[in-house]
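Enquirer: Show me how the following folds:
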Amino acid sequence: MKILLVQPASPSAAIAGDDWFVFEPLALEYLAAGVPEDDVRILDLRLGGDLRTALETFQPELVGATAYTVHVNTVKRLCETVKQWNADTVTVVGGHHATVAREDFAESAIDLTVVGEGVVPLKEIVSRLKRRAALESIPGVAVQGSSSFVPLEESIAADIDGLPLPARRLTAAYRSQYFCDWLRPLASIRTSKGCPYRCKFCALWKLTCGKYIKREPRNVVAELATIDEENVFFADDESLLDNRRMQVLAELIRAAGIRKRYFLYGRSDTIARNPDLLRAWKEIGLDRVFVGLEFFRDEDLEYVGKKSKLSDNEKAIGILHDLEIDIYASMILRPEFEGRHFKELRRYCRVMRLDYPTFAVLTPLPGTDLYEEVKHDMITQDYDYFDFIHTLLPTSLSLKQFYRHYAWLINTVLPPRKRISFLRRFPPKQLGSILGRSIRVQRRVRNAWKDYETATADLT
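Expert: As a prediction, this is how the structure comes out:
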């Protein structure tokens with residue numbers, strides 16, 4: 001069977017979108033690996049290409065797409081395009097948003113919606129299509145027009161060691177373009193999924209019922225040995241939670257003689273408790289850690305149920321600085337922020353010597369406790385604006401003032417010396433595009449308040 005798997009681009013309304021990072025479509029590579037006997041292609045629309053051209057040249061019998069919340073409208077239109085081209089082509093949608101809110105894909109142009117891990121369900125879908133068998137009652141698959149739905153068995157959903165290795169050969173044409181800032185080309189690998197914490201702005205813990213599901217370290221090392229790229233991103237919800245497992249993994253990587261530069265997620269309290277683990281990973285190539293510091297006040301951390309404190313943030317920052325590991329620090333702006341809060345956050349980032357801070361507006365995503373708490377107060381439900389930059393909740397400041405403070409923050413948080421140091425991390429030939437991209441994003445942030453005046457989809 002001919003199968004086209006599509007990674008959508010961010011909608012034009014979204015700010016930043018795919019400007020600062022484009023990770024390899026690991027989910028689609030896993031799906032492709034599950035049907036090795038079929039003719040599968042991956043189309044990554046973040047890096048160019050055209051869906052209609054791909055349909056005409058490849059003539060797929062099944063088209064699958066994955067979607068985060070910001071991609072919902074894009075994927076709906078994508079499936080409509082497929083059906084307009086050939087109504088008999090089967091359309092399948094999966095991914096994070098389909099898992100937490102499958103009802104959003106109850107559209108005539110979408111035949112099937114996959115909830116949860118998609119490798120086993122897709123394999124069964126393809127098998128039944130070949131046999132011309134009924135598609136109802138496949139675990140993890142919602143059929144358009146049918147009210148019945150059978151959840152995927154927990155044992156299957158948790159068996160990430162039982163999955164085939166991602167079919168990376170199918171992204172060969174794109175691999176040199178996957179990146180995060182100057183880490184390019186950047187491969188991705190998954191070593192675990194889930195998180196035992198209960199942050200109310202996050203739904204990842206719900207997808208595994210609060211369980212932390214891990215791959216065997218030897219299997220991770222075996223996969224790492226197949227990856228050509230020097231830079232590797234760990235696409236885990238949190239990579240460092242199991243100290244012993246990560247120590248074993250570091251030892252196995254060292255013994256295998258694999259030398260790469262690693263980029264992974266780590267909670268600040270996890271890092272604060274395990275400095276020896278970070279030291280061991282630094283020795284085998286850990287270059288960068290994405291740390292969800294989130295806020296500069298304990299009261300805000302408590303509000304979102306983070307279960308970490310400013311003291312954890314400060315200790316983690318100190319450990320990473322001492323080891324000379326880059327800190328990719330995630331900070332959150334609350335819609336209630338006044339002008340002084342932006343100034344205090346800027347001061348905090350400078351005092352903590354954060355070289356690579358990022359700033360996102362607190363966003364109530366479907367599937368989260370935060371969404372259930374505030375959904376009736378939201379000023380828009382248009383998923384194109386669920387980009388972590390457009391506020392979905394009323395702001396204390398006027399929208400114009402809020403976004404002018406936001407733009408000021410991202411433009412001034414780094415002193416000139418650090419800004420120059422940041423730019424030096426990029427190859428000289430990329431500097432022009434980096435500066436242009438930065439100016440474009442800052443301009444869009446500064447003028448984001450205008451989107452609420454001109455958008456036609458229920459913005460008020």
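
Enquirer: And the lowest mean pLDDT element among the helices and strands of this protein?
Expert: Lowest on mean pLDDT, DSSP states H and E among the helices and strands of the chain sits helix 451-454, with a mean of 81.

Enquirer: Please state the offset of it from the chain centre?
Expert: Here helix 451-454 is found 26 Å from its chain centre; the criterion is C-alpha atoms, centre = their mean, to the nearest Å.

Enquirer: residues touching Arg190, list them.
Expert: Arg190 makes contact with Leu26, Ile160, Arg215, Phe234, Ala235, Asp236, according to C-beta atoms under 8 Å, 6 or more residues apart in numbering. Just so you know, the C-beta spots here come from the backbone N, C-alpha and C atoms, and that holds for glycine as well.

Enquirer: again, only using 7 Å
Expert: Leu26, Ala235, Asp236 (C-beta atoms under 7 Å, 6 or more residues apart in numbering).

Enquirer: Which of the residues you listed lies at the shortest distance from Asp228?
Expert: Using C-beta to C-beta, Leu26 comes nearest to Asp228 of these, at 15.4 Å.

Enquirer: From Lys282, how far off is the closest residue to Trp182 other than its chain neighbours?
Expert: Taking C-beta to C-beta, 6 or more residues apart in numbering, and ignoring the residues beside it in sequence, Trp182 has Arg425 as its nearest neighbour in space, at 4.4 Å. Arg425 sits 18 Å away from Lys282, going by C-beta to C-beta, to the nearest Å.

Enquirer: And the two? Which one has more around it.
Expert: Using other C-beta atoms under 10 Å, the more surrounded residue of Arg425 and Lys282 is Lys282, with 18 against 14.

Enquirer: just checking, the more buried one touches His321?
Expert: No. The pair Lys282 / His321 is not scored as a contact, 11.8 Å apart, by C-beta atoms under 7 Å.

Enquirer: And this protein, split by domain according to the record?
Expert: 2-157, 169-454 (automatic domain parsing).

Enquirer: can you list the weak-confidence ranges in this protein?
Expert: Scanning the chain with the threshold set as pLDDT under 70 gives 454-460.

Enquirer: any idea how far the longest helix anywhere in it is from the chain center?
Expert: The longest helix of the chain (DSSP state H) is helix 431-446. Between the centre of helix 431-446 and the centre of its chain there are 22 Å (C-alpha atoms, centre = their mean).

Enquirer: Need the residues that contact that helix.
Expert: Ile15, Ala16, Asp19, Ile389, Tyr403, Arg404, Tyr406, Ala407, Ile410, Asn411, Leu423, Phe426.

Enquirer: Dump those to JSON lines, plus distance to Arg190, secondary structure and neighbour count.
Expert: As requested, the contacts of helix 431-446 are arranged in JSON lines below (distance: C-beta to C-beta, whole Å; DSSP: H, G, I helix; E, B strand; the rest coil; neighbours: other C-beta atoms under 10 Å):
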{"residue": "Ile15", "distance to Arg190": "28", "secondary structure": "coil", "neighbour count": "20"}
{"residue": "Ala16", "distance to Arg190": "24", "secondary structure": "coil", "neighbour count": "18"}
{"residue": "Asp19", "distance to Arg190": "24", "secondary structure": "coil", "neighbour count": "15"}
{"residue": "Ile389", "distance to Arg190": "27", "secondary structure": "coil", "neighbour count": "23"}
{"residue": "Tyr403", "distance to Arg190": "35", "secondary structure": "helix", "neighbour count": "25"}
{"residue": "Arg404", "distance to Arg190": "40", "secondary structure": "helix", "neighbour count": "19"}
{"residue": "Tyr406", "distance to Arg190": "33", "secondary structure": "helix", "neighbour count": "23"}
{"residue": "Ala407", "distance to Arg190": "35", "secondary structure": "helix", "neighbour count": "18"}
{"residue": "Ile410", "distance to Arg190": "30", "secondary structure": "helix", "neighbour count": "18"}
{"residue": "Asn411", "distance to Arg190": "35", "secondary structure": "helix", "neighbour count": "14"}
{"residue": "Leu423", "distance to Arg190": "32", "secondary structure": "helix", "neighbour count": "15"}
{"residue": "Phe426", "distance to Arg190": "27", "secondary structure": "coil", "neighbour count": "15"}
